[in-house]
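Asks: All I have is the shape, not the residue letters:
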């Protein structure tokens, strides 16, 4: 199970932190940020036990506000 704040090394050999995750239309999506280059973002979904990078830009535009809202709620102080 992948959780928010977990760190993952992806196929590009970069280390990412899970900033946010959400379930949308019965699929689990993840918002990842490279810990060494914070401009390097990845939006992925879980397919079995593998993370697959999301390439559908329209879906990313739809998911991004949901990720940010979820992130805000997860990290409220």
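Replies: Now that the structure is in, tell me what you want to look at. As the structure is a computational prediction, the values presented were derived from the model and not from experiment.
Asks: Spit out the contact partners of the most centrally placed residue in the chain.
Replies: Nearest to the mean C-alpha position of the chain, by CA atoms, centre = their mean, lies residue 31 at 1.8 Å. Counting by CB atoms under 8 Å, 6 or more residues apart in numbering, residue 31 touches 18-21, 41-43, 63-64, 67, 71. Quick note: C-beta positions are derived from backbone N, CA and C, even for glycine.
Asks: Quick one: classify residue 67 as helix, strand or coil.
Replies: helix (DSSP: H, G, I helix; E, B strand; the rest coil).
Asks: The helix or strand hosting residue 73: which residues count as buried?
Replies: Using DSSP states H and E, residue 73 sits within helix 57-74. By 16 or more other CB atoms under 10 Å, the buried positions in helix 57-74 come out as 63, 67, 70-71.
Asks: okay if I get the residues you listed as CSV plus distance to residue 9 and pLDDT?
Replies: Shown next, in CSV, are the buried residues of helix 57-74 (distance: CB to CB, whole Å; pLDDT from 0 to 100):
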residue, distance to residue 9, pLDDT
63, 23, 96
67, 21, 92
70, 24, 83
71, 22, 76
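Asks: Alright, calling it a day.
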